[in-house]
Structures are given as C-alpha cells and as structure tokens.
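Q: Okay, sequence plus prediction incoming.
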Amino acid sequence: MFLTLPPLLWLSISYFIFNSFLGHKEFRFIFPVVPLAMCYCGLFLSSLSEPHLSKHQSTNQGVLQTGWKAKLLVMFLVLTNVPLALYTSTVHQRGTVDVMAYIQVESAKLKRNNDMSVLFLMPCHSTPFYR
C-alpha cells in the first residue's frame, strides 16, 4: 500500500518530515504544501462518501447509507476543531499582546522617554507592535 502512493503525496509527506527536523519551525514553512494536502484530504473524504455494497446488501440500503462515514468524520472534525480554534484565538499565547498593553500603560506614567527600557527575551516574531 505504501509503495503505491502517488508521487506528489510522497513529496508532501517527505516535505513535512524534513521540516519536522528543522531547529527553527514556523507555520509559514508548510504553506507551499497545504493546497496539495487539502486535495488529498478531499480525495479521502470523497472516497468515504462513495457507496460500497457487499453481495448481501440490496441497492436501496446502499443508497441510504451513502456518505455516513464522511458525515461522521466531518462532524468529528468540526466538534474537535471549533473549541480548539476558540481557545487558540482568544487564550493561547495571549501574553505577548497583554504585555504590550501593560508596557504602554507603564510608559505613560513616566515623565521622560528615557526613564524606561524593556528587554524582550522571546523568540523572533512573537512580540506584536515592536519596532
């Protein structure tokens, strides 16, 4: 089964594996492969929605059961991703934005601009509004 995978799927899998071993990881590194991965995900969901009749099933039963696996998988993905999306967009890594608001309030209390200095010990691209 593994050896019969299409070449573009092998390419995308090897790209993900290669980027997994990089020391500096960023989400933007996988952007070139995302459209290709979405095509294969769509093909997989499409294969789940096709009717597969055995010898003992009648045609009417097969039509009624068409796509139940795909619908179940889509519902599972929605139910697991919506809470995760809400958490990551509102709570997770919120500290970098909150610290900038705190620094703004504290710097407004100062009489001169040179009375305060801030040292950020963070990975690159993690602090917003920083020049």
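A: That came in fine, so what should we check first?

Q: What are the boundaries of the helices in this protein?
A: 7-20, 34-49, 59-64, 68-90, 95-108 (DSSP state H).

Q: Comparing the ones you listed by mean pLDDT, which bottoms out?
A: Least confident of these, judged by mean pLDDT, is helix 59-64 with a mean of 50.

Q: Just give me the neighbour total for His92.
A: Residues lying near His92 (other C-beta atoms under 10 Å) number 10. C-beta coordinates here come from the backbone N, C-alpha and C atoms, glycine included.

Q: Got phi/psi on the residue of the chain positioned farthest from its centre?
A: The outermost residue of the chain relative to its centre, with distances by C-alpha atoms, centre = their mean, is Lys111 at 44.9 Å. Phi and psi for Lys111, reported as degrees, to the nearest 10, are phi -90, psi -30.

Q: So for the residue most central in space within the chain, what's the pLDDT?
A: The residue lying closest to the centre of the chain (C-alpha atoms, centre = their mean) is Phe27, at 8.5 Å. Looking at Phe27, its pLDDT reads 81.

Q: can you check the one 5 residues further on too?
A: In this prediction, Pro32 carries a pLDDT score of 91.

Q: do the same with Ser58
A: Here, the pLDDT recorded for Ser58 equals 55.

Q: show me the contacts for Val33.
A: Going by C-beta atoms under 8 Å, 6 or more residues apart in numbering, Val33 touches 12, 15-16.

Q: Could I get those in CSV, plus columns for distance to Ser107?
A: Listed next are these as CSV, based on distance: C-beta to C-beta, whole Å:
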residue, distance to Ser107
Ser12, 47
Tyr15, 44
Phe16, 43
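
Q: List only those of those flagged as buried.
A: Buried members of the contacts of Val33, scored by 16 or more other C-beta atoms under 10 Å, are 12, 15.
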